[in-house]
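**Q** Got a predicted model here, sequence first, then my questions.
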Amino acid sequence: MNILHIDSSPRQQSHSRQLSAAIVKRLLEVAPGADIIRRDLGADPLPQTVALYAAALASPATLAAPPEGSLDLSEQLIREIEVADAIVIGTPMHNLTIPSVLKAWIDQILRVGRTMKSTPGGKVGMLRDRPVFIGVASGGFFTGERANQPDFLTPYLSVALSSIGLKSQQFLPLQGTAFLDWEQAAEARDKTLAVLDRTTVERLTEIRHQPAMIASAGRLHRDLSSVPRASPRALTENFQRLHINHPAEPDHQHEGSDDFIDVYASQDR
């Protein structure tokens, strides 16, 4: 099986990186033969939406005949999701929500006619569901009895992932990191990991057994060029045939679930 491991903190020793790495380690305990696909958005940020990509998404006509190369990055990132059986995302909470580098990734993978379609009832995901584990590190507290700030990260990320079909989500918050030393942070991380639900991964390992092979940071563990691509025109004309490794199983989008906040306390420190 394949695990897509995504980090979005710019700091190499950040709490969110350590949390996501610990989640991957726990998953490897039940899936020791898993391959790791690494996407480090903090160390190797994606470009913000450029004019060429925006032009391609402007209308059904431009999606059917997009400017040359305009969808290449989007397609690469979507294919990383499609070959993954599970996804692990490590993210800090920056100013009450996700970092801009993670938003840039979302802007590339949410694509009408490719990963989702619009209907009168809302967006319908076109990707096969798979478990997504989101490790969130925050300097302050955004959930539970000690919550003292709004949380725009969890509802936004949940709806964004659900809109493309990734509905099996587990959020694992590590809070109050601004007030923890490294020993205390390790203890808090262990408590967070205690609720990690690995049952979906355990079921996957029953039918998928492959040798482990971990890639260097920022690089795919193997060449995905052999995975067939659908043409942009076909992507627009026939939603039901839009897939790479797995048939698409449309799912309906989940509904998303003021005081001044000290920026310092909302950061992953």
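**A** Good, I have the coordinates.

**Q** residue ranges for the helices of the stretch 1-150 of the chain, please.
**A** Applying DSSP state H, counting those that start in this stretch to the stretch 1-150 of the chain gives helices spanning 15-30, 51-56, 60-64, 72-82, 100-109.

**Q** mind putting these in TSV, distance to residue 170 and mean pLDDT included?
**A** In this view, the C-beta of every residue, glycine as well, is placed from N, C-alpha and C. Shown next, in TSV, are the helices of the stretch 1-150 of the chain (distance: least, CB to CB, whole Å; pLDDT from 0 to 100):
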stretch	distance to residue 170	mean pLDDT
helix 15-30	9	97
helix 51-56	31	96
helix 60-64	33	92
helix 72-82	17	98
helix 100-109	17	98
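
**Q** Format these as CSV; extra columns: distance to residue 135 and mean neighbour count.
**A** Formatted as CSV, the helices of the stretch 1-150 of the chain follow (distance: least, CB to CB, whole Å; neighbours: other CB atoms under 10 Å):
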stretch, distance to residue 135, mean neighbour count
helix 15-30, 4, 21
helix 51-56, 28, 15
helix 60-64, 34, 14
helix 72-82, 18, 18
helix 100-109, 12, 20
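
**Q** Quick one: closest of those to residue 120.
**A** Using CB to CB as the measure, helix 60-64 is the one of those that comes nearest residue 120, at 16.5 Å.

**Q** Show me what that closest one is packed up against.
**A** helix 51-56, helix 232-237 (3 or more CB pairs under 8 Å, 6 or more residues apart in numbering; DSSP states H and E).

**Q** How about the contacts made by the nearest residue to residue 104 once chain neighbours are set aside?
**A** Distances taken as CB to CB, 6 or more residues apart in numbering place residue 46 nearest to residue 104, at 4.4 Å, with adjacent residues excluded. Neighbouring residues of residue 46 by CB atoms under 8 Å, 6 or more residues apart in numbering: 73, 77, 101, 104, 105, 108.

**Q** out of these, what pair is the most spread apart?
**A** Pairwise distances across the contacts of residue 46 peak at 13.7 Å for 73 and 101 (criterion: CB to CB).

**Q** follow-up on the earlier one: of all the helices of the stretch 1-150 of the chain, which one is nearest residue 174?
**A** Closest to residue 174 of the helices of the stretch 1-150 of the chain, according to CB to CB: helix 15-30, at 5.3 Å.

**Q** could you dump the closest one to PDB, C-alpha only?
**A** What follows is helix 15-30, C-alpha atoms only, in PDB (Å, rounded to 0.1, in the frame of the first residue of the first chain):
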ATOM      1  CA  HIS A  15       5.500  20.300  16.300                       C
ATOM      2  CA  SER A  16       3.300  19.500  13.300                       C
ATOM      3  CA  ARG A  17       6.200  17.800  11.500                       C
ATOM      4  CA  GLN A  18       6.900  15.700  14.500                       C
ATOM      5  CA  LEU A  19       3.200  14.900  14.900                       C
ATOM      6  CA  SER A  20       2.800  13.800  11.200                       C
ATOM      7  CA  ALA A  21       6.000  11.700  11.300                       C
ATOM      8  CA  ALA A  22       4.700  10.000  14.400                       C
ATOM      9  CA  ILE A  23       1.400   9.300  12.700                       C
ATOM     10  CA  VAL A  24       3.200   7.700   9.800                       C
ATOM     11  CA  LYS A  25       5.300   5.700  12.200                       C
ATOM     12  CA  ARG A  26       2.200   4.400  13.900                       C
ATOM     13  CA  LEU A  27       0.600   3.500  10.500                       C
ATOM     14  CA  LEU A  28       3.800   1.600   9.500                       C
ATOM     15  CA  GLU A  29       3.400  -0.500  12.600                       C
ATOM     16  CA  VAL A  30       0.200  -2.000  11.100                       C
END
